[in-house]
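In: What follows is a predicted structure for the sequence shown.
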Amino acid sequence: MPQHKLHFEERIQAPVETVFDFLAEHQNFAALFGGHCTRIRVGTDPAEANGIGSVRRIGPGPLSFDEEIVAFERPARIDYTIIRGGPLKNHLGSIRLTPTADGGTALDYVIRFDGRLPGLGYASGQALSLAWKRSARKTLATLER
């Protein structure tokens, strides 16, 4: 089964620190896809509850899956991977934020994954892309001045 890749880019008219703080909150991150989540484990750094080692649960009951934060570099980078459940394997989500010349933020977000079964990776990618198109811009617009 081939590895799938989704790539999302956005320009947000808000400072990079503001965007990072927003995305570091698990509930805000899930809202980019129209979802909800709960933090089930705090990170290893007491000052960054949602940092490295933090785990969020996304989705309801038996359909839920858990993602662990594996890289957290304020204010530029958040990486996460699925550690339990869901239709994906070999998953890595990588968010990069860079300041723009006008004081805004460039968001570069790549998700790489395989499906657990043939065709499941493709279907999951389509669903994620649709969810992003429906929710991300509207969610990120709440940060803009």
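Out: Yes, it's here.
In: Need phi/psi at the residue sitting nearest the centre point of the chain.
Out: Central residue of the chain (Cα atoms, centre = their mean): Phe29, 5.6 Å from the mean position. Dihedral pair for Phe29: phi -60, psi -50, per degrees, to the nearest 10.
In: Can you get me the start-to-end distance on stretch 45-57?
Out: One end of stretch 45-57 to the other measures 19 Å (Cα to Cα, to the nearest Å).
In: residue ranges for the helices of this structure, please.
Out: 16-24, 26-31, 120-141 (DSSP state H).
In: Identify the residue nearest Pro99 in space, chain neighbours excluded?
Out: The shortest distance from Pro99 to any non-neighbouring residue, by Cβ to Cβ, 6 or more residues apart in numbering, is to Val16 (4.6 Å). Every C-beta, even on glycine, is put in place using the N, C-alpha and C of the backbone.
In: hang on, that neighbour packs against Ile95?
Out: No - applying Cβ atoms under 8 Å, one finds Val16 not in contact with Ile95, separated by 11.6 Å.
In: OK, contacts around His4?
Out: 112-115, 121-122, 124-125 (Cβ atoms under 8 Å, 6 or more residues apart in numbering).
In: what's the distance between it and Leu92?
Out: Remark: distance between His4 and Leu92 (Cβ to Cβ, to the nearest Å) = 11 Å.
In: tell me, what's touching the two both at once?
Out: Contacts common to His4 and Leu92, judged by Cβ under 8 Å, 6+ apart, are 112-113.
In: quick revisit: what count of nearby residues applies to the residue nearest to Pro99?
Out: Val16: 20 surrounding residues under other Cβ atoms under 10 Å.
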